[in-house]
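In: dropping the sequence and predicted coords here.
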Amino acid sequence: MSHIKGVYTIVERQSDEHPERKNLWIQIGIAFVNRDDSLNVRLNAFPVNGALHIRDLRTDNGEPDETASL
């Protein structure tokens, strides 16, 4: 498990007119996992939809990235 997580907001782009569109994932910050598994979250932006998605941070090649900083 990564100790640094990516914080994303997911913009839904699919509609009846454009069902082929994929959702847009926008990284808006990072989260640090503490020893007690709680999270410290640092945001660079606020999601308009009010929802955050937090998951292990990945590099462009899909590998976990432990060197990320805000």
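Out: Good, I have the coordinates. If you're wondering where the values come from, they're calculated on a predicted model, not measured in any experiment.
In: list the contacts for E20?
Out: When contacts are counted by C-beta atoms under 8 Å, 6 or more residues apart in numbering, E20 touches Q14. Bear in mind the C-beta positions are built from the backbone N, C-alpha and C, glycine included.
In: which of the helices or strands spans it?
Out: Using DSSP states H and E, E20 maps to neither a helix nor a strand.
In: where's it relative to N49, distance?
Out: Relative to N49, E20 is positioned 21 Å away (C-beta to C-beta, to the nearest Å).
In: next: V11.
Out: Plainly put, V11 is 8 Å away from N49 if you go by C-beta to C-beta.
In: cool, Y8 as well?
Out: 11 Å.
In: low-confidence ranges, the protein, go.
Out: For the chain, applying pLDDT under 70 flags the ranges 1-2, 59-70.
In: if we use 80, what do you get?
Out: Along the chain, segments meeting pLDDT under 80 span 1-2, 14-16, 58-70.
In: parallel or antiparallel, list what pairs with the longest strand seen in the chain.
Out: Counting residues, the longest strand in the chain under DSSP state E turns out to be strand 24-33. Counting by DSSP bridges, the strands paired with strand 24-33 are strand 4-11 (antiparallel), strand 39-43 (antiparallel).
In: give me the contacts around the shortest one.
Out: Counting contacts by C-beta under 8 Å, 6+ apart, the residues outside strand 39-43 that touch it are K5, V7, I28, G29, I30, A31, F32, V33, N34, L52, I54, L70.
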